[in-house]
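A.B. asks: Sequence and predicted structure are below.
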Amino acid sequence: MATYTCSSCGMSVNMACAKCGAELAHDSLTKDDGSSVAIAKCPQGDGKVKSPLCCGQDMACEI
């Protein structure tokens with residue numbers, strides 16, 4: 001399961017798809033300008049979301 005942790009305060013979250021219940025997997029998207037964005041996606045193909053924020057910054061996910 002993708003566990004996202006805040007590097008500032010240490011809070012962590014696990015995420016699951018509300019549609020099918022599958023654990024979301026960490027991934028990334030490459031934007032048109034070449035930069036990448038961390039995402040969490042449903043392994044069943046139900047969708048994806050940008051990684052969560054905490055303390056004003058993206059939370060990190062160790063793969």
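C.D. replies: Received it, and whenever you're ready, just let me know what you need. Numbers count the residues shown, from 1 in each chain.
A.B. asks: which outside residues touch stretch 25-45?
C.D. replies: When contacts are taken as CB atoms under 8 Å, 6 or more residues apart in numbering, the neighbours of stretch 25-45 outside the stretch itself are 2, 4, 15, 17, 19-20, 22-24, 47-52, 58, 60-61, 63. All C-beta atoms are positioned from the backbone trio N, CA, C, and that covers glycine.
A.B. asks: how about that stretch: buried residues?
C.D. replies: Buried residues in stretch 25-45, counting neighbours by 16 or more other CB atoms under 10 Å, are found at 25-27, 38-42.
A.B. asks: Can you list the low-confidence ranges for the protein?
C.D. replies: Counting by pLDDT under 70, the chain shows low-confidence ranges at 63.
A.B. asks: What count of nearby residues applies to Pro52?
C.D. replies: When neighbours are defined as other CB atoms under 10 Å, Pro52 has 18 of them.
A.B. asks: List the residues that contact it.
C.D. replies: Contact analysis of Pro52 by CB under 8 Å, 6+ apart lists 4, 13, 15, 40, 58-59.
A.B. asks: any idea how far it lies from Glu62?
C.D. replies: 14 Å (CB to CB, to the nearest Å).
A.B. asks: Please produce a PyMOL select command covering the buried subset of the contacts of stretch 25-45.
C.D. replies: When burial is assessed using 16+ other CB under 10 Å, the buried subset of the contacts of stretch 25-45 is captured in PyMOL by this command:
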select buried, resi 2+4+15+17+24+51+52+61
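A.B. asks: Of the contacts of stretch 25-45, which belong to strands?
C.D. replies: Secondary structure assignment (DSSP state E) places 4, 48-50, 58, 60-61 from the contacts of stretch 25-45 within strands.
A.B. asks: Contact partners for the closest residue to Asp46 other than its chain neighbours?
C.D. replies: Of all residues not flanking Asp46 in the chain, Lys19 sits nearest, at 4.6 Å (CB to CB, 6 or more residues apart in numbering). Under the criterion of CB under 8 Å, 6+ apart, the contact partners of Lys19 comprise 42, 46-47.
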